[in-house]
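In: compute the structure for the input listed below.
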Amino acid sequence: MSRQKIVAGNWKMNKSLQDAKMLVEMITNQVNDFDEVTKIIIPPFPYLNTISEQLAKKENFFLGAQNCHTNANGAFTGEVSANMLNSVGCHYVLVGHSERRQYFKEKEADFVLKIKEALKNNISPIFCVGETIHERKTDNHFKVITEQLTTVLKEFTVTEFSKFIIAYEPVWAIGTGETATAAQAQEMHAFIRGIITDIYDSAIAGNVSILYGGSCNAQNAQELFACKDVDGGLIGGASLNADDFCKIIFSF
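Out: Below you'll find the model as predicted:
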């Protein structure tokens, strides 16, 4: 079984509603019926329903959310549940993004609960892992990735894990203009696949898509995607430009 090729655009906290609608229209018009790559659009919460309607009849386009709460419902002002995401057509949700870890102090225990809620609501988690520049420079990057993955994945069965996408985010390369070399990306993606082999087995590890998420753009995507264990990208800034995002989609 060949792994899914995936390009996911995480818009973060950007765009007005009108700009968001225009961006989706421009992307879908350029990509047309190109269905070799799974395309995931991950806009801010207020635009989910509108963009869900835009993507409804588009070939191999899916809606994702940037976060979900650990609870199904309740008095959590300002939060959004996985059930709510499901109700507006979300197929994917980011969990463990480096910005959630850094700015909102979310931990592995939170990610486990969020993923469980997502799976209950037929939403696939895009689980993010990655190291800081200090962790890499002190040669702790493999240890950090091992801990991040093992702590969470041990809580899920093979069947549950089959719904996962993994995204590797070298934190030092997010929004900095820095990018891991293709060799660095391949090394870590292969290492991640090895950890998954240890937790489950080689067949499971061989089937999971692992995305690169550190300043991937229209200029470097082709080289990154040519790596054996890089199955696509979790795209930040470049996903806000239709031409750049489409070039990345066509980079396989």
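
In: could you use CA atoms for every contact and neighbour count after this?
Out: OK.

In: can you map out the strands along the stretch 1-150 of the chain?
Out: Applying DSSP state E, counting those that start in this stretch to the stretch 1-150 of the chain gives strands spanning 6-10, 38-42, 61-65, 90-95, 124-129.

In: residue ranges with poor pLDDT in the protein?
Out: 1 (pLDDT under 70).

In: turn the strands of the stretch 1-150 of the chain into JSON lines, columns for mean neighbour count and distance to Gln102.
Out: Listed next are the strands of the stretch 1-150 of the chain as JSON lines, based on neighbours: other Cα atoms under 10 Å; distance: least, Cα to Cα, whole Å:
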{"stretch": "strand 6-10", "mean neighbour count": "24", "distance to Gln102": "17"}
{"stretch": "strand 38-42", "mean neighbour count": "24", "distance to Gln102": "20"}
{"stretch": "strand 61-65", "mean neighbour count": "26", "distance to Gln102": "19"}
{"stretch": "strand 90-95", "mean neighbour count": "25", "distance to Gln102": "13"}
{"stretch": "strand 124-129", "mean neighbour count": "25", "distance to Gln102": "12"}
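
In: what's the closest of the ones you listed to Ile204?
Out: strand 124-129 (15.8 Å; Cα to Cα).

In: roughly how far is the closest one from the heart of the chain?
Out: When C-alpha coordinates are averaged (Cα atoms, centre = their mean, to the nearest Å), strand 124-129 and its chain have centres 6 Å apart.

In: contact partners of it?
Out: Contacts with strand 124-129, where a contact means Cα atoms under 8 Å, 6 or more residues apart in numbering, come from 91-98, 115, 118-119, 145, 148-149, 163-170.

In: just the angle between it and strand 61-65, please?
Out: Strand 124-129 runs at 60 degrees relative to strand 61-65, counting by axes from the mean of the first three to the mean of the last three Cα atoms, to 10 degrees.

In: picking that back up, filter the contacts of strand 124-129 down to the buried ones, PyMOL style.
Out: Those of the contacts of strand 124-129 that count as buried under 16 or more other Cα atoms under 10 Å are selected in PyMOL with:
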select buried, resi 91+92+93+94+95+96+97+98+115+118+119+145+148+149+164+165+166+167+168+169+170
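
In: and the contacts of strand 124-129, which of them are in helices?
Out: The members of the contacts of strand 124-129 that map onto helices under DSSP state H are Ser98, Ile115, Ala118, Leu119, Ile145, Gln148, Leu149.

In: did I read that right, Arg193 in a helix?
Out: Yes: under DSSP: H, G, I helix; E, B strand; the rest coil, Arg193 sits within a helix.

In: now for it: which residues touch it?
Out: By Cα under 8 Å, 6+ apart, the contact set of Arg193 is Ala205, Gly206, Asp229.

In: top of those by neighbour count?
Out: Asp229 (24 neighbours; other Cα atoms under 10 Å).

In: with distance to Ala72 as extra columns, can I get the strands of the stretch 1-150 of the chain in TSV?
Out: Shown next, in TSV, are the strands of the stretch 1-150 of the chain (distance: least, Cα to Cα, whole Å):
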stretch	distance to Ala72
strand 6-10	24
strand 38-42	21
strand 61-65	16
strand 90-95	15
strand 124-129	16
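
In: Glu108 and Val152 touch, don't they?
Out: Yes: here Glu108 reaches Val152: they are 6.2 Å apart, a contact under Cα atoms under 8 Å.

In: quick one on the thing from earlier: just the ones of the contacts of Arg193 in helices?
Out: Reading helices off the contacts of Arg193 with DSSP H, I get Ala205, Gly206.

In: adding distance to Phe34, write the contacts of Arg193 out as a markdown table.
Out: Converted to a markdown table, the contacts of Arg193 look like this (distance: Cα to Cα, whole Å):
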| residue | distance to Phe34 |
| --- | --- |
| Ala205 | 27 |
| Gly206 | 25 |
| Asp229 | 22 |
